[in-house]
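In: Here is a sequence together with a model predicted from it:
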Amino acid sequence: MTPAVASASASPASAQNSPAEDLRHRRHTLRPNRSLLESFGLGIQNWLERRVAAASPLGDPHIYNTRDFPWAREIEREWPLIRKELDAVMVFRDQMPSFQDILKEVGAIQSDNNWKTYFLAGIGMDCSENARRCPETARLLGRIPGMTTAFFSILSPGKHIPAHRGAWNGILRLHVGLMVPQPRERVKIRVGNDFYSWREGEAFIFDDTFNHEVWNDTDDDRVLLMVETMMPLPFPLSVLNRFVQRQYRYHPSHRGMPERVAALARASSHDVLDG
């Protein structure tokens, strides 16, 4: 299944959402005032990302064709099993942590409680309690090569996530629509200059280091399975990619994250058991 993506200039309807500038870029825009050391570090990162983009066997698109990933088709076939397990954990939706409670860095784009998460896997994180409640989802995640992070992403009605970019282009991000309210055209993501509205059971794969933002302009929750997986790269960049991924656990924004995830999972479990 190949998701339908609307170009910003594809039709009058999509042109209404057309960005005023070309947003197909990887610029860091959230913190313009950086120290000399931070700017130097970003210069190195930009150089490495250009090497990764040039070496990728799939090229450097901002949105990928899911047919290039056989495991994505398997998840699409079995998505009702994931939805069934999601329905069970959504009973304690209000007790789930907001994203910035897990990853402090998200506080740069999110400060309210309208982006909830239920983590199933993460580098250096103990998600075993959450994964235990979702065995079929965990089984399917285990079939994704290079999977590093996975969680249910829950956007409240009216929520907007402002434009931003991801941390490193050596990963790909998978979205699988699990609960997509109507009208679905008002539940969308912009990646670069293109817009996509999720469908339940449909996989969408993109490079989140390209500028992107998200809207849920409906009256109901939008829920996705969100997965990060390592981009397939030739040696020696494949080794560099694994090294970079492992370093995330030492980033200051990740400090204490494993303990927070485990504690929140235990708290949620108690809330359910106590009725």
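Out: Received the coordinates, thanks.

In: Now do the buried residues in the longest helix along the chain.
Out: Taking DSSP state H as the criterion, the chain has its longest helix at helix 36-55. Residues of helix 36-55 classed as buried: 45, 48, 49, 52, 53 (neighbour count, 16 or more other C-beta atoms under 10 Å). Every C-beta, even on glycine, is put in place using the N, C-alpha and C of the backbone.

In: for stretch 62-77, same thing?
Out: Of the residues in stretch 62-77, 62, 63, 64, 66, 69, 71, 72, 75, 76 count as buried by neighbour count, 16+ other C-beta under 10 Å.

In: any idea how far that stretch is from the chain center?
Out: 15 Å (C-alpha atoms, centre = their mean, to the nearest Å).

In: List of residues touching it?
Out: 1-3, 5, 24, 58, 82, 140, 143-145, 172, 174, 176, 191-192, 194, 196, 201-207, 210, 225 (C-beta atoms under 8 Å, 6 or more residues apart in numbering).

In: So for that stretch, mean pLDDT?
Out: For stretch 62-77, the mean per-residue pLDDT is 96.

In: Please apply the same query to stretch 172-192.
Out: Averaged over stretch 172-192, pLDDT sits at 98.

In: Stretch 202-214 too?
Out: For stretch 202-214, the mean pLDDT works out to 98.

In: 50 is where my numbering starts, stick with that
Out: Got it, the first residue is 50 from now on, which makes the last one we talked about stretch 251-263.

In: Nearest residue to residue 91 in space, please, no chain neighbours.
Out: residue 77 (6.2 Å; C-beta to C-beta, 6 or more residues apart in numbering).

In: Just confirm residue 289 is within a helix.
Out: Yes: checked against DSSP: H, G, I helix; E, B strand; the rest coil, residue 289 lies within a helix.

In: residue contacts, it?
Out: The contact partners of residue 289, taken as C-beta under 8 Å, 6+ apart, are 97, 219.

In: returning to what we had before: show the average pLDDT along the longest helix of the chain.
Out: Averaged over helix 85-104, pLDDT sits at 92.

In: for stretch 150-165, same thing?
Out: Stretch 150-165 comes out at a mean pLDDT of 87.

In: Compute the number of surrounding residues for residue 215.
Out: Neighbour count for residue 215, taken as other C-beta atoms under 10 Å: 17.

In: May I ask you to confirm that it is in contact with residue 222?
Out: Yes: using C-beta atoms under 8 Å, residue 215 is in contact with residue 222, at 7.1 Å.

In: For the nearest residue to residue 291 once chain neighbours are set aside, which residues count as its bridge partners?
Out: Computed as C-beta to C-beta, 6+ apart, the closest residue to residue 291 that is not its neighbour in sequence is residue 279, at 7.0 Å. For residue 279, the beta-bridge partners are residue 220 (DSSP bridges).

In: picking that back up, with distance to residue 293 as added columns, please give the buried residues of helix 85-104 in a markdown table.
Out: As requested, the buried residues of helix 85-104 are exported to a markdown table (distance: C-beta to C-beta, whole Å):
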| residue | distance to residue 293 |
| --- | --- |
| 94 | 9 |
| 97 | 8 |
| 98 | 10 |
| 101 | 9 |
| 102 | 14 |
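
In: circling back to that earlier point, and the contacts of the longest helix of the chain?
Out: For helix 85-104, contacts defined as C-beta under 8 Å, 6+ apart pick out 75, 77, 83, 109, 217-219, 258, 280, 282-283, 286, 289-290.

In: Tell me which two in the residues you listed are the farthest apart.
Out: 83 and 283 (31.9 Å; C-beta to C-beta).

In: More neighbours: the two, which one.
Out: Neighbour tally, residue 83 and residue 283, criterion other C-beta under 10 Å: the higher count belongs to residue 83, 12 against 9.

In: which residues touch that one?
Out: Residue 83 sits in contact with residue 91, where contact means C-beta under 8 Å, 6+ apart.

In: Kindly recompute the last result at 10 Å.
Out: Applying C-beta atoms under 10 Å, 6 or more residues apart in numbering, we find residue 83 in contact with 77, 89, 90, 91.
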